[in-house]
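> here are the coordinates; sequence isn't available:
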């Protein structure tokens with residue numbers, strides 16, 4: 001189990017970007033047929049990924065927590081972001097579909113994770129905190145989560161917060177709270193305004209992003225902030241004293257919400273988005289020759305060339321994008 005040590009506001013100012021990444025970024029959350037776990041000295045938080053492919057994975061005791069079994073004095077939250085899977089907790093069976101969650105109470109001795117299809121394995125994102133009171137183990141279907149719209153289009157921060165385990169909710173917990181923050185299409189900020197929790201550590205993971213996309217997470221104190229770049233299925237530990245907010249590339253903003261639906265629906269939505277793009281590119285191609293003809297007689301005072309040549313970009317660019325979009329639709333339809 002990897003160890004992450006706490007960072008103070010004073011120490012953060014002295015660290016290089018690489019040192020900050022080493023201290024708070026979890027670069028690999030999932031590995032086939034492994035439980036990849038990280039122990040943070042901030043609130044003794046444990047988080048990570050369990051990805052059973054061809055073998056079941058049993059939650060084993062760890063040297064770092066020095067207990068007879070993993071959940072002897074801990075509670076655990078789980079959200080599945082992969083294919084269909086199953087959790088068996090002391091004989092209680094929980095069928096886990098995409099974005100289904102689960103709460104597993106402390107003093108649960110035997111916990112086993114498995115996938116239904118090795119070709120589409122489950123990916124169980126897990127978090128664990130110390131617990132001093134036992135609460136019932138509960139399966140939380142995705143549709144049973146509490147959906148809270150947040151943000152607005154003006155600040156490009158429209159999102160839906162899906163609460164699974166939270167104070168005052170139907171699932172009791174000792175300390176743990178857990179959910180999903182889904183940035184909506186056309187938006188890029190994961191929270192506005194920025195905030196800090198003061199009393200609680202927050203750990204989170206980004207997923208559903210293409211390989212070339214990324215999120216820039218701003219951390220530290222408001223008067224002297226730093227940043228960390230996260231790729232798909234990477235996680236970060238944010239200390240209680242830190243502010244945090246993030247912004248993603250345009251592609252991320254679209255795919256974060258697409259990552260929160262089933263694979264078939266996601267494919268259909270992707271094709272629909274590409275078809276809309278296709279129509280816009282065709283419109284540009286149709287209008288571009290007219291713009292070229294209208295401006296061909298106008299001479300640029302700076303370059304001394306006909307402005308019609310400049311407008312050829314309106315024709316060449318959409319033609320290239322049209323080709324790329326057609327290829328992308330094909331790859332989405334047949335499966336990348």
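Yep, that arrived. These numbers come from a predicted model, not from an experiment.

> what's the spacing between residue 61 and residue 26?
Relative to residue 26, residue 61 is positioned 21 Å away (CB to CB, to the nearest Å). Just so you know, the C-beta spots here come from the backbone N, C-alpha and C atoms, and that holds for glycine as well.

> more neighbours, these two?
Neighbours were tallied for residue 61 and for residue 26 using other CB atoms under 10 Å; the higher tally belongs to residue 26 (22 against 13).

> give me the pLDDT for residue 262.
Residue 262 is assigned a pLDDT of 47 by the prediction.

> and the residue sitting nearest the centre point of the chain, how close does it get to residue 229?
In the chain, the centroid-proximal residue (CA atoms, centre = their mean) is residue 206; its distance is 2.1 Å. Per CB to CB, residue 206 is found 11 Å from residue 229.

> swap in residue 142?
From residue 142 to residue 229 the distance is 29 Å (CB to CB).

> all strands of the stretch 51-200 of the chain, in order?
Shown for the stretch 51-200 of the chain, the strands assigned by DSSP state E, counting those that start in this stretch span residues 57-58, 74-80, 85-89, 92-96, 101-104, 111-115, 124-130, 138-140, 146-150, 159-165, 178-183.

> about what we covered before: which one of residue 142 and residue 229 has more residues nearby?
Taking other CB under 10 Å, residue 142 and residue 229 do not tie; residue 142 has more neighbours (19 against 13).

> got a list of what the more buried one touches?
97, 98, 99, 100, 101, 162 (CB atoms under 8 Å, 6 or more residues apart in numbering).

> how far away is the residue lying closest to the third one once chain neighbours are set aside from residue 102?
Okay, so that is residue 99. Distances taken as CB to CB, 6 or more residues apart in numbering place residue 142 nearest to residue 99, at 4.0 Å, with adjacent residues excluded. Taking CB to CB as the measure, residue 142 and residue 102 are separated by 11 Å.

> also residue 33?
Applying CB to CB to residue 33 and residue 102 gives a distance of 20 Å.

> which one of these two has more residues nearby?
The neighbour comparison of residue 33 against residue 102 (other CB under 10 Å) goes to residue 102, with 26 against 15.

> list the contacts for the closest residue to the more buried one other than its chain neighbours?
Excluding its sequence neighbours, the residue lying closest to residue 102 (CB to CB, 6+ apart) is residue 78, at 4.3 Å. Residues in contact with residue 78 (CB under 8 Å, 6+ apart) are 87, 96, 101, 102, 103, 104, 124, 125, 126.

> ok, the second one touching residue 87?
Yes. The pair residue 96 and residue 87 qualifies as a contact (CB atoms under 8 Å) at a distance of 5.9 Å.

> return every residue with contacts to both of these two.
The contact lists of residue 96 and residue 87 share 78, 102, 124, where a contact means CB under 8 Å, 6+ apart.
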